[in-house]
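**Q** Build me a model from this:
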Amino acid sequence: MRRFHRSARFAFAALVVATLTWPRHAASVQSSASLSLVPSNSGPLVDGQEIDVSIVANNTSTDTPNPALGDGTDPVPATLGGPVTVSFGCQDCACAVNTDGRLVFVPGAVAGCVGAAPGVLGCAAGVGSTVLLEIDPAGVAIPAASSVALASIRLRVDASASPVVTPLVLRGVTEPCAVRACSSNAPATLCSDCDAGGCSLVFFQADVNPPMDCPHPCPARIRFLRDAATPDLFEFHALVDLSGVDPATEPFTVTLSNAAFQPIFAFTLPAGSFTTQGPNFFYRDNRARQSGGFELVKLSRREGAASVYKLDVRAFSAMEALATQAVMTVELELGVKYSTTNAWDRKAFGWQLNKIASP
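**A** You can find the predicted model right below:
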């Protein structure tokens with residue numbers, strides 16, 4: 001009997017030791033994170049404007065449930081490795097179509113970054129419209145259920161480098177398996193690896209400022225005067241949004257073209273040509289009826305819309321031998337660029353456009 005008790009005590013002690021040394025919760029973990037790309041100004045952006053884009057890593061890694069052991073889904077820390085690639089010329093979220101040059105990387109003072117978190121070694125131009133965030137080999141630690149601002153980069157708009165007016169996608173991605181999270185209850189070797197990404201948008205002044213049709217009938221016309229000594233008449237009317245533009249300090253250009261003649265004509269007023277009357281802007285030259293060019297350009301601000309103007313253009317140019325096709329494009333530039341292509345209606349006097357097509 002004494003021997004039995006001695007053996008029982010030994011077995012109980014061994015069970016206690018085993019209980020103390022065995023992991024309490026041999027559970028697993030899921031690693032997940034996202035990248036937020038936050039521009040300081042999403043638009044409308046104008047040519048030459050600079051914006052800063054913050055790249056933020058958001059940790060959503062957690063333990064995974066184990067009902068048998070009572071384990072839950074507590075958030076766990078993660079480590080983000082590099083590099084992180086930021087693309088800023090994407091026309092879609094997959095970057096299948098790129099517009100290089102519309103946005104230009106401007107190196108900052110902090111190893112190419114405007115600002116950088118500990119563990120981010122620098123920001124450098126990559127292939128095409130990309131910037132690479134170089135990460136320390138040890139990675140950047142992201143606390144459980146928290147975010148870390150990795151870096152901010154500076155971009156400048158260069159509208160002259162690319163005529164595209166569609167919004168562009170800013171896209172950030174890590175390398176595969178760059179995000180590591182380890183279970184808080186299992187051995188340190190029980191870790192999960194994944195990647196992270198995120199997208200945002202910026203858009204440009206021209207995206208929201210196509211020539212807009214008048215709220216009342218105001219057809220555009222090309223009138224052939226059929227006199228070799230007298231240039232033909234061009235009339236065009238539209239509503240335009242000039243947010244951030246001072247017409248008094250900008251040149252103004254109108255171009256008319258078709259598939260055969262690019263351009264049929266192009267006229268430019270130098271900066272400072274407009275006179276002002278209250279909130280409105282005018283230019284007039286009665287000699288244009290004989291010599292060609294702008295006879296009248298008028299910008300009349302619309303009531304209740306501080307940046308929207310009714311634009312009226314009257315110009316003279318020899319067009320009868322050139323404006324022979326119905327489909328014609330009118331391009332305007334006044335701090336921002338506008339372009340609209342339409343099928344004009346043939347008339348006895350020349351051509352008429354009753355409604356400006358949507359872009």
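
**Q** Strands of the stretch 51-200 of the chain, residue ranges please.
**A** Under the criterion DSSP state E, counting those that start in this stretch, the stretch 51-200 of the chain contains strands at 62-63, 78-80, 84-90, 103-106, 115-116, 120-125, 130-135, 140-142, 147-157, 168-174, 179-182, 191-194, 197-202.

**Q** Let me have those in a markdown table, extended by mean pLDDT.
**A** Listed next are the strands of the stretch 51-200 of the chain as a markdown table, based on pLDDT from 0 to 100:
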| stretch | mean pLDDT |
| --- | --- |
| strand 62-63 | 93 |
| strand 78-80 | 98 |
| strand 84-90 | 95 |
| strand 103-106 | 96 |
| strand 115-116 | 98 |
| strand 120-125 | 98 |
| strand 130-135 | 98 |
| strand 140-142 | 98 |
| strand 147-157 | 97 |
| strand 168-174 | 96 |
| strand 179-182 | 95 |
| strand 191-194 | 95 |
| strand 197-202 | 95 |
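
**Q** Residue 225 is nearest to which of the ones you listed?
**A** Of all the strands of the stretch 51-200 of the chain, it is strand 147-157 that lies closest to residue 225, at 41.9 Å by C-beta to C-beta. No exception for glycine: its C-beta is placed from N, CA and C like everyone else's.

**Q** Quickly run through the sheet partners of that closest one, with directions.
**A** If you go by DSSP bridges, strand 147-157 pairs up with strand 50-59 (antiparallel), strand 103-106 (antiparallel), strand 115-116 (antiparallel).

**Q** Between those, which one is closest to residue 133.
**A** strand 50-59 (6.6 Å).

**Q** can I get the strands paired with strand 147-157 in TSV with mean neighbour count?
**A** TSV is the format used below for these (neighbours: other C-beta atoms under 10 Å):
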stretch	mean neighbour count
strand 50-59	20
strand 103-106	18
strand 115-116	19
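
**Q** Turn those strands into CSV, including distance to residue 281.
**A** Formatted as CSV, those follow (distance: least, C-beta to C-beta, whole Å):
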stretch, distance to residue 281
strand 50-59, 28
strand 103-106, 31
strand 115-116, 41
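
**Q** from the strands of the stretch 51-200 of the chain, which stretch is densest packed?
**A** With neighbours taken as mean count of other C-beta atoms under 10 Å, the strands of the stretch 51-200 of the chain reach their highest mean count in strand 78-80, at a mean of 26.

**Q** In this structure, which residue is most central in space?
**A** residue 202 (2.1 Å; C-alpha atoms, centre = their mean).

**Q** so who does that one touch?
**A** Residues near residue 202 by C-beta atoms under 8 Å, 6 or more residues apart in numbering: 39, 41-43, 45, 51, 103, 167-168, 170.

**Q** how about a markdown table for those residues, with distance to residue 233 added?
**A** As requested, the contacts of residue 202 are exported to a markdown table (distance: C-beta to C-beta, whole Å):
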| residue | distance to residue 233 |
| --- | --- |
| 39 | 45 |
| 41 | 42 |
| 42 | 42 |
| 43 | 37 |
| 45 | 36 |
| 51 | 43 |
| 103 | 41 |
| 167 | 37 |
| 168 | 39 |
| 170 | 46 |
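
**Q** now, which of those residues sits nearest residue 96?
**A** The closest of the contacts of residue 202, once distances to residue 96 are taken by C-beta to C-beta, is residue 168, at 13.3 Å.

**Q** mind listing what that closest one touches?
**A** So residue 168 contacts 88-91, 99, 102-103, 201-203 (C-beta under 8 Å, 6+ apart).

**Q** In CSV, list these along with distance to residue 255.
**A** Below are those laid out as CSV (distance: C-beta to C-beta, whole Å):
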residue, distance to residue 255
88, 29
89, 27
90, 30
91, 25
99, 22
102, 21
103, 25
201, 29
202, 27
203, 24
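
**Q** what's the distance between the residue nearest to the centre of the chain and residue 156?
**A** For residue 202, the distance to residue 156 equals 12 Å [C-beta to C-beta, to the nearest Å].

**Q** Now do the shared contacts for these two.
**A** Residues touching both residue 202 and residue 156 (C-beta under 8 Å, 6+ apart): residue 103.

**Q** so what's residue 75 up against?
**A** Residue 75 touches 59-62, 144-145, counting by C-beta under 8 Å, 6+ apart.

**Q** where's residue 289, which helix or strand?
**A** Taking DSSP states H and E as the criterion, residue 289 maps to helix 288-291.

**Q** contacting residues around that helix?
**A** Contacts with helix 288-291, where a contact means C-beta under 8 Å, 6+ apart, come from 230-231, 294-295, 315-316.

**Q** got TSV for those residues, with distance to residue 80 too?
**A** TSV is the format used below for these (distance: C-beta to C-beta, whole Å):
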residue	distance to residue 80
230	71
231	66
294	58
295	63
315	58
316	64
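
**Q** Can you pick out the most distant pair from those?
**A** Pairwise over the contacts of helix 288-291, using C-beta to C-beta, the maximum falls at 230 and 294, 16.0 Å.

**Q** So if I had to pick from the two, which one is more boxed in?
**A** Legend: neighbour count by other C-beta atoms under 10 Å for residue 230 and residue 294, higher for residue 294 (20 against 13).

**Q** How is this structure divided into domains?
**A** Listed by automatic domain parsing, the domain ranges of the chain are 26-207, 209-353.
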